[in-house]
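K.L.:
the amino acid sequence is not available; the structure is as follows:
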């Protein structure tokens, strides 16, 4: 995910390890063989560490680690039993046999607990995630810092004053990204509603979406680009009248996609859930799940009537992004967390050694 600080370790007496999001384990075409995440997976099994947990739903990552022999199948199943009981073992076996997909487990068996055996403490990027982890693992300190992203130059928007409304959706697009629901909402708009939707990134099941486009008679208005370069995406963001960044369910994770949207100064529509629900009202168009279709229709109509209607939202989002997601601030705070965790680990080790010595005397 370009732009997000790729923390993987820090030179202290304790180690800081960033677990990649499942969206990062799938390389772009031509990226070459082998997983990019294997060093993190090896390290979290062997080194007491501060774990940077961006996404709680890491089942896909764990299953692929087993496939690459970087995590023992027996260890994975033991973890599934420990945290999710007999049903966890059964489902885990089905995933390893490819009878089930890890992505289908995100809401009920996210899997982050399996990677915490050596954790000194945990760092999350949203308060919903922090609350979930702290309740589940009360013996560990769970820290919170906003997800960092490289702040680019002041964006220059390139929206068209006429022609079809330019809509954009991008990133790793799983079922929770609401693409099917967006297509249905677009198909229900009046016949004279002129739009183009560009979808950039990996879709979990392109066949499903292609069939949906045919069913809804949207083939000529929706373009599925697949993976695109950063420059192509940045240009699309500059031109977009609205970026669709809906999601449900959510595990409370922060959205790297949203940071990229803010960096570009583009207006976005987001679902009022999880991390998004805690954002100021001024930084995005908020869509309530219960009224998703109606609110999307109203938003499409507003932007059609006035292409500049989203300018204030885009500007407010950019200002919020600059104030809260600066990588330099993140780096300073993360060093403090790593030092605190290392000191706590050293104190724990000293007490343990002292107790062992006392028993031997």
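P.N.:
Good, I have the coordinates. This one's a predicted model, so the numbers in the text were calculated from it and none came from an experiment.
K.L.:
only C-alpha atoms for contact and neighbour calcs from this point on.
P.N.:
Fine.
K.L.:
center of this structure - which residue?
P.N.:
residue 255 (4.9 Å; C-alpha atoms, centre = their mean).
K.L.:
mind checking how far that residue is from residue 341?
P.N.:
According to C-alpha to C-alpha, to the nearest Å, residue 255 stands 26 Å off from residue 341.
K.L.:
got the buried residues for stretch 136-151?
P.N.:
141, 142, 143, 144, 145, 146, 147, 148, 149, 150, 151 (16 or more other C-alpha atoms under 10 Å).
K.L.:
now render those as CSV, adding secondary structure and distance to residue 263.
P.N.:
Output for the buried residues of stretch 136-151, formatted as CSV (DSSP: H, G, I helix; E, B strand; the rest coil; distance: C-alpha to C-alpha, whole Å):
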residue, secondary structure, distance to residue 263
141, strand, 31
142, strand, 28
143, strand, 25
144, strand, 22
145, coil, 18
146, coil, 15
147, coil, 13
148, coil, 12
149, coil, 9
150, coil, 8
151, coil, 6
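K.L.:
just give me the closest of those to residue 169.
P.N.:
Residue 169 lies nearest to residue 149 out of those, by C-alpha to C-alpha, at 19.2 Å.
K.L.:
wait, the closest one sits on residue 261?
P.N.:
No: with contact defined as C-alpha atoms under 8 Å, residue 149 does not reach residue 261; the gap is 11.1 Å.
K.L.:
residue 52 sits in which helix or strand?
P.N.:
strand 49-53 (DSSP states H and E).
K.L.:
and that strand, which strands flank it?
P.N.:
strand 15-19 (parallel), strand 119-124 (parallel) (DSSP bridges).
K.L.:
after it, which helix or strand is next?
P.N.:
Taking DSSP H and E, what comes next after strand 49-53 is helix 59-67.
K.L.:
residues of that following helix that come out buried?
P.N.:
Buried residues in helix 59-67 (16+ other C-alpha under 10 Å): 59, 60, 61, 62, 63, 64, 65, 66.
K.L.:
with stretch 207-217 instead?
P.N.:
Buried, per 16+ other C-alpha under 10 Å, within stretch 207-217: 209, 212, 213.
K.L.:
grab the nearest non-local neighbour of residue 79.
P.N.:
If the residues on either side of it in the chain are set aside, residue 79 comes closest to residue 114, at 5.4 Å by C-alpha to C-alpha, 6 or more residues apart in numbering.
K.L.:
hmm, I typed the wrong one, I wanted residue 67.
P.N.:
Using C-alpha to C-alpha, 6+ apart, the closest residue to residue 67 is residue 96 (8.0 Å).
K.L.:
and for residue 223?
P.N.:
In space, and not counting its chain neighbours, residue 223 is closest to residue 198: 5.0 Å by C-alpha to C-alpha, 6+ apart.
K.L.:
okay, that neighbour: pLDDT?
P.N.:
Looking at residue 198, its pLDDT stands at 98.
K.L.:
ok, what's across the strand from it?
P.N.:
Beta-bridge pairing of residue 198 under DSSP bridges involves residue 168, residue 223.
K.L.:
cool, and residue 119?
P.N.:
So, taking DSSP bridges as the rule, residue 119 has residue 49 as bridge partners.
K.L.:
doesn't residue 57 make contact with residue 106?
P.N.:
Yes: applying C-alpha under 8 Å, one finds residue 106 in contact with residue 57, separated by 5.0 Å.
K.L.:
before we move on, the earlier item: what's the burial count for the residue nearest to residue 223?
P.N.:
20 (other C-alpha atoms under 10 Å).
K.L.:
separation between it and residue 305?
P.N.:
According to C-alpha to C-alpha, residue 198 stands 21 Å off from residue 305.
K.L.:
could you tell me the least trusted of the strands paired with strand 49-53?
P.N.:
strand 15-19 (a mean of 54).
K.L.:
need the next SSE after it, C-terminal direction.
P.N.:
That would be, after strand 15-19 and using DSSP H and E, helix 38-46.
K.L.:
buried set for that next one?
P.N.:
For helix 38-46, by 16+ other C-alpha under 10 Å, it's 38, 40, 41, 43, 44, 45.
K.L.:
got it, and stretch 72-87?
P.N.:
So stretch 72-87, judged by 16+ other C-alpha under 10 Å, has buried residues 73, 76, 77, 78, 79, 80, 81, 83, 84.
K.L.:
just the closest of those residues to residue 119, please.
P.N.:
For the buried residues of stretch 72-87, the nearest to residue 119 is residue 79 (14.8 Å; C-alpha to C-alpha).
K.L.:
for the closest one, helix, strand, or coil?
P.N.:
helix (DSSP: H, G, I helix; E, B strand; the rest coil).
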